[in-house]
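J.: When you get a sec, could you give me coordinates for this:
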Amino acid sequence: MTKIMIERARRNEIKNVVINALVHANVPYLPVDVKKICKSYEFIRLIPFSVQMKHRGMSYEEILAQCQTKDACADYYALKDKYIIYYNDIDKVAFINSNRYRWSIAHELGHILLNHHKISDKMRIFRFNLSNEEYNHFEAEADYFAQLLLVPHAALLGFKISTSNQLQIM
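T.: Okay, the predicted model is just below:
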């Protein structure tokens, strides 16, 4: 797979979306609390796989089939203009203990805040329901968003933190 290049202007737009998300959620500390950011938006619900499984009477295999991933997925409900991010809280070794769930949630939040669902007019961003070019471009942008959100320089820039005394470490 060739590396997707995101144009400088779009990278700057994504940086601004990240900064706005950090400010919106009032998250001036490291590590960045991605769950708190998601919960700060009234149009986003964050649901662990275990809760969805219990609510729907599903097995782990069934939730994986529904989401078509072991990581996380986001659904967009256009009529209500709301999103649900489902994330894996079951596989403790691969996702929870490794903190991979943080990346997965941040990636899905990127799709949401970058309006990928609305641009593509899709409930869910899947490889099979988009062209390869559009899918790869959306994935590159969501990865870039997640990288900026989780890497300290985005938080430092967003809150204009210039000294260690201004930084809260949790």
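J.: The nearest residue to Pro48 once chain neighbours are set aside in helix, strand or coil?
T.: Distances taken as CB to CB, 6 or more residues apart in numbering place Asp89 nearest to Pro48, at 3.8 Å, with adjacent residues excluded. For every residue, glycine as well, the C-beta is placed using N, CA and C. Look at Asp89: counting by DSSP: H, G, I helix; E, B strand; the rest coil, its state is coil.
J.: So what's the residue count around Asp89?
T.: Asp89: 17 surrounding residues under other CB atoms under 10 Å.
J.: pretty sure it is touching Gln52, no?
T.: No. Contact criterion CB atoms under 8 Å: Asp89 and Gln52 do not qualify, at 9.9 Å.
J.: tell me the contacts of Cys73?
T.: If you count contacts by CB atoms under 8 Å, 6 or more residues apart in numbering, Cys73 has them with Cys67, Ile85, Tyr86, Glu108, Arg124.
J.: Neighbour count for these - can I get that in TSV?
T.: Formatted as TSV, the contacts of Cys73 follow (neighbours: other CB atoms under 10 Å):
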residue	neighbour count
Cys67	19
Ile85	24
Tyr86	25
Glu108	30
Arg124	14
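J.: Let's see which of the residues you listed end up in strands.
T.: Those of those mapping onto strands are Ile85, Tyr86, per DSSP state E.
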